[in-house]
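Colleague: Coordinates for the following, if possible.
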Amino acid sequence: MSARIPPTALARTFARSFLIQASWNYRTMIGTGFGFAMVPGIRALFRGREAEMEAAVGRHLEHFNAHPYLASVALGASLRLEADEAGPETVRRFKTAVRGPLGGLGDALVWATWLPVVSMAAVGLYWLGVPGWLAAGLFLLLYNTGHVGLRLWGFRTGLAAGRNVAGRLAAAGLSAWTTRLRSWGVVVLGVLLGALLGGAGGLGDAGALWTGLAVLGFTVGLFVGHHVWRPAAVVAVATIALLATWGMLR
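Modeller: Below is the predicted model:
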């Protein structure tokens, strides 16, 4: 398979995966972006067979939806299936089977865990005295290292495993990583609150309005937070927004 797809075509396919949401729409979701990303690999596989090339691109422009970072798993696996001449219906069935799990795993790992944890860590560093530009830079470095690494791992895993990628995903233990990161998120949140409360004047120096909002947010989160969609992300974003606003008004 690797002999049929040159490294340059694989590199271009992976690079295009970063634009997989650029043409998002209600009809195909990220399907159009998925097909766009597949083009370099398909050109290498079907060189000289124009009709087959057009048909291959067309079937990858159909409806597809998954987490944009873990879509690279399906991208690599679909390219492997095309290289193995698995057939159009096999490719379609495979993509239909993996899109739900890839969406669920990605939402839990990235949106509800990785992003809030890294965001709270950056805000915590700022409240501990790290310059704002440095805290923001560390956030960008850490978050993008994780997200680019996840994309690359997914693409290579899909390319190597093909239709057997489900076993590789299970062995990788992404759900276990999500649990570990959530544990670290509790620690990071504790550090953030400690930095806030231990700062000059503490929370009481913010005045009755902000103290009341903090109490209200805690109460709402305690009783109804578990019913909210992606509660960890909602709490993290709300906390960061309140702290940022407070910081600007002080």
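Colleague: Tell me if I am right that W177 is in a helix.
Modeller: Yes. Under DSSP: H, G, I helix; E, B strand; the rest coil, W177 sits within a helix.
Colleague: mind listing what it touches?
Modeller: L109 (C-beta atoms under 8 Å, 6 or more residues apart in numbering). Placement of C-beta: from N, CA and C, glycine included.
Colleague: other SSEs contacting the longest helix anywhere in the chain?
Modeller: Determined from DSSP state H, the single longest helix within the chain is helix 132-161. Packing partners of helix 132-161 (3 or more C-beta pairs under 8 Å, 6 or more residues apart in numbering; DSSP states H and E): helix 7-16, helix 71-83, helix 115-127, helix 165-172.
Colleague: and the residue nearest to N25 when sequence neighbours are not counted, how many neighbours?
Modeller: Leaving aside its chain neighbours, N25 sits nearest to T32 (6.8 Å; criterion: C-beta to C-beta, 6 or more residues apart in numbering). Here the number of neighbours of T32 (other C-beta atoms under 10 Å) works out to 21.
Colleague: quick one: pLDDT of T32?
Modeller: Here, the pLDDT recorded for T32 equals 96.
Colleague: Am I right that it is in contact with H63?
Modeller: No. T32 is beyond contact range of H63, at 9.6 Å (criterion: C-beta atoms under 8 Å).
Colleague: Sketch out the low-pLDDT regions of the protein for me.
Modeller: For the chain, the stretches with pLDDT under 70 are 1-3, 194-215, 217-250.
Colleague: Give me the contact list for the helix or strand where G41 lies.
Modeller: Per DSSP states H and E, G41 falls inside helix 31-45. For helix 31-45, contacts defined as C-beta under 8 Å, 6+ apart pick out 4-6, 9-10, 12-13, 16-17, 19-25, 53, 56-58, 60-65, 71, 74-75, 78-79, 82-83.
Colleague: Restricted to buried residues, select the residues you listed in ChimeraX.
Modeller: Buried members of the contacts of helix 31-45, identified by 16 or more other C-beta atoms under 10 Å, are gathered into one ChimeraX selection as follows:
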select :5,9,10,12,13,16,17,20,23,53,56,57,60,61,63,64,65,71,74,75,78,79,82,83
